[in-house]
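Engineer: curious how this folds, go ahead:
(one chain, ligands or ions: 2)
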Amino acid sequence: MGEAGINRAVTAYRASDWTTADLIALKGDRTISVVVPARDEEATVAAVVERLVADLGSVAGGRGLVDEVVVIDSDSTDATARVAAAAGARVEPAAGIRPDLGTVPGKGEALWKSQFVTRGDLVVFVDADLLDWGTHFVTGLLGPLLVDEDVHLVKAVYDRPMIDAEGREEEAGGRVTELVARPWLALHRPELAGIVQPLSGEWAIRRSAFASYSVPVGYGIEIAALIDTADTHGVGGIAQVDLGRRTHRHHRHDTLGLMAVQVLAAADRRRFRPVDRRRLRPVGEPVDGDRRDRSGLGETAVLTQYARRSAGFEPVVTPVGIGERPPAASC
Ligand SMILES: O=c1ccn([C@@H]2O[C@H](COP(=O)(O)OP(=O)(O)O)[C@@H](O)[C@H]2O)c(=O)[nH]1
Ligand SMILES: O=C(O)[C@@H](COP(=O)(O)O)O[C@H]1O[C@H](CO)[C@@H](O)[C@H](O)[C@H]1O
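Structural biologist: Ligands and ions are numbered 1, 2, ... in the order given. Below is the predicted model:
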């Protein structure tokens, strides 16, 4: 155990540790899916998909590293689905997956639903709004899962500069990471202090692990998968890989507040280790549309923010979905 009781058991790798050919040789009969959740990403999703398919897909009958690239269209109102399909992805509308289970908005909902339309033993999640990145993100994230059966979740590590409208690099990105997730982990799960990017949107996981987890429907998905993996497989079940640098489209401050509510709600549900959770509501209380429980529209919190108007500062009240889907393996 490291200083201050921090467990340094989180193994760190580098993307350069494996070539694509190395991983194809290691893959054996295992299958691999890349899932790209996308809500209104017509400007960037095609470039992300094209590089994934060109570099890693199964081309000309040859066996590529990745067996499928699937974009989950998360209630987009733009041309995301069309441009993603034209770029070579199979596109699945989140609302159309398992309609018997209903549908709610959110990134977690998109990733949870992806389990019903993909078949990979290993799943890699890649955001659709990436700007400065490379397909080594996928090979780096897959490496630890292919070489170590005890690893169940792999988190991306990278520099995350914020690029302003003039293209200047501002303060580092990851504002919810630095102001919400990392402080929360320091207070309640110090054994996860070794995770450099707990909210990184690029991560890989064994399907068997993900299918056993309750899944927050919104942006709480990453912190939930991290804590659930530590609780289920130990901190040693988590690996992280240095992918270099990543830039993406950034939220405004007000929408980051909504994200922060969802991250905190998911983390707070997991504040106590399973052995101590007896006094809490069970994780994964189903949201509406789940066939086993149609009571209510899942849970929502209400965030009140403020905007200056002619009459002064006026409240801007936003309901925030904090419900969770049950383990996909149970549906
Ligand atoms: O309801 C949602 C919200 C987000 N996303 C996708 O999830 C990824 C990360 O979301 P976002 O860029 O908003 O988060 P950030 O990376 O800026 O924190 C992106 O590909 C989004 O299109 C989604 O599929 N459904
Ligand atoms: O890390 C963060 O603080 C947030 C916001 O990043 P920025 O402040 O816009 O660089 O972004 C991440 O967190 C989300 C919630 O877990 C993920 O869904 C995003 O994919 C990830 O980029």
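Engineer: what's in contact with the strand or helix carrying residue 156?
Structural biologist: Here residue 156 sits within strand 153-159, counting by DSSP states H and E. Residues from elsewhere that reach strand 153-159 (CB atoms under 8 Å, 6 or more residues apart in numbering): 12, 137, 140-145, 172, 195-198, 200-206, 209, 225-226, 229, 233, 237-246. Every residue, glycine included, has its C-beta placed from N, CA and C.
Engineer: mind saving the C-alpha coords of it as CSV?
Structural biologist: C-alpha atoms of strand 153-159 as CSV (Å, rounded to 0.1, in the frame of the first residue of the first chain):
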residue,chain,number,x,y,z
LEU,A,153,-11.3,-2.1,-17.2
VAL,A,154,-8.7,0.1,-19.0
LYS,A,155,-8.8,3.9,-18.6
ALA,A,156,-7.1,6.3,-21.0
VAL,A,157,-4.5,8.7,-19.7
TYR,A,158,-3.6,11.8,-21.7
ASP,A,159,-2.9,15.5,-21.6
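Engineer: report the rounded mean pLDDT for that strand.
Structural biologist: Taken as a whole, strand 153-159 has a mean pLDDT of 96.
Engineer: which secondary structure state does residue 178 sit in?
Structural biologist: The assignment at residue 178 comes out as helix when based on DSSP: H, G, I helix; E, B strand; the rest coil.
Engineer: that one - nearest residue in space that isn't next to it in sequence?
Structural biologist: residue 172 (7.7 Å; CB to CB, 6 or more residues apart in numbering).
Engineer: partners of the strand holding residue 156, with directions?
Structural biologist: With DSSP bridges as the test, strand 153-159 is paired with strand 203-206 (antiparallel), strand 238-245 (parallel).
Engineer: please identify the buried residues of the last one?
Structural biologist: This points to strand 238-245. Judged by neighbour count (16 or more other CB atoms under 10 Å), strand 238-245 contains these buried residues: 238-244.
Engineer: for the lengthiest helix in the chain, packing partners?
Structural biologist: Ranked by number of residues, the top helix in the chain under DSSP state H is helix 253-269. Secondary-structure packing of helix 253-269 (3 or more CB pairs under 8 Å, 6 or more residues apart in numbering; DSSP states H and E): helix 175-176, helix 182-188, strand 215-216, helix 221-233, strand 300-309, strand 312-321.
Engineer: which residues touch the helix-or-strand element of the chain with minimal mean pLDDT?
Structural biologist: Taking mean pLDDT, DSSP states H and E as the measure, the chain has strand 169-172 as its least confident helix or strand, at a mean of 78. Strand 169-172 is contacted by residues 159-164, 178 when judged by CB under 8 Å, 6+ apart.
Engineer: now which of those residues would you call buried?
Structural biologist: Buried members of those, scored by 16+ other CB under 10 Å, are 159-161, 163.
Engineer: leaving out chain neighbours, which residue sits closest to residue 15?
Structural biologist: In this structure, residue 15 finds its nearest non-sequential neighbour in residue 140, 3.2 Å apart by CB to CB, 6+ apart.
Engineer: dump the residue contacts of that neighbour.
Structural biologist: By CB under 8 Å, 6+ apart, residue 140 lies in contact with 13-15, 17-18, 156, 241-243.
Engineer: hmm, try it at 7 Å
Structural biologist: By CB atoms under 7 Å, 6 or more residues apart in numbering, the contact set of residue 140 is 13, 15, 241, 243.
Engineer: just residue 15 next, same as before
Structural biologist: Applying CB under 7 Å, 6+ apart to residue 15 gives the contacts 136, 139-140, 241-244.
Engineer: stretch 34-42 near ligand 2 at all?
Structural biologist: No. Applying CB under 6 Å from any ligand atom, one finds stretch 34-42 separated from ligand 2 by no less than 8.4 Å.
Engineer: so what touches that stretch?
Structural biologist: For stretch 34-42, the surrounding residues in contact (CB under 7 Å, 6+ apart) are 45, 48-49, 52, 66, 69-80, 83-84, 89, 107, 110-111, 114, 118, 123-126, 128-129, 138.
Engineer: how about the residues of the stretch 201-331 of the chain near ligand 1?
Structural biologist: Within the stretch 201-331 of the chain, the positions lying close to ligand 1 (CB under 6 Å from any ligand atom) are 201, 248, 250-251.
Engineer: related to what we said a few turns ago, from residue 73, how far off is the residue nearest to residue 15?
Structural biologist: Applying CB to CB, to the nearest Å, the value for residue 140 to residue 73 is 26 Å.
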